[in-house]
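Trainee: Quick check, what structure comes out for this input:
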Amino acid sequence: MRSPIRGQIFRVKGDAVGKRRPVLVVSPVNLNGGLYLSAVPFYSQQLDKRKGLKTCVFFGQGEFGLENDCVAKTDEVSLYRLSDLLISDGPIGEVDGDRMQQISTALCFSLGI
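Mentor: Here you go, the predicted model:
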């Protein structure tokens, strides 16, 4: 498979608590060909609290292949090893331009840019 593309959603093999959490690739494709890429994790817990935060972007169940209502938590943008993503399963989905703009705005807020 080619390198993951910014805006694609993949599952990780297991996060710190062992969940196969979906993550949204936020690094550009030209930086995703090595061992790592940057991605934002999705969370489905504490939605009422998180939906109103400038660091979170809400996604409804079924949008872009996501199974539950959740938020992309941009204040937890992290480096992930490509080997930790279920790349061979292919992406769960791919975020559209409007939603990616919301992610970019939230990332800028999270990073103080």
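Trainee: Compute the distance from the centre of the lengthiest helix in the chain to the centre of its chain.
Mentor: Using DSSP state H to define each element, the chain has its longest helix at helix 97-111. Mean-position distance between helix 97-111 and its chain equals 11 Å (C-alpha atoms, centre = their mean, to the nearest Å).
Trainee: who's in contact with that helix?
Mentor: 6-7, 24, 26, 40, 54-57, 59, 64, 72, 74-75, 77, 95, 113 (C-beta atoms under 8 Å, 6 or more residues apart in numbering). Where you see a C-beta, it was placed from the backbone N, CA and C, and this is true even at glycine.
Trainee: who touches the closest residue to P22 other than its chain neighbours in this structure?
Mentor: Spatial nearest neighbour of P22, chain neighbours left out: F42 (4.7 Å); criterion: C-beta to C-beta, 6 or more residues apart in numbering. Applying C-beta under 8 Å, 6+ apart, we find F42 in contact with 9, 21-24, 59, 66, 70-73.
Trainee: State the distance from F42 to R2.
Mentor: For F42, the distance to R2 equals 23 Å [C-beta to C-beta, to the nearest Å].
Trainee: got it, and P22?
Mentor: 20 Å.
Trainee: what about the residue nearest to P22, which SS state?
Mentor: With DSSP: H, G, I helix; E, B strand; the rest coil as the basis, F42 sits in strand.
Trainee: beta partners of it?
Mentor: On the basis of DSSP bridges, F42 is bridged to A72.
Trainee: same deal with L37?
Mentor: Y80.
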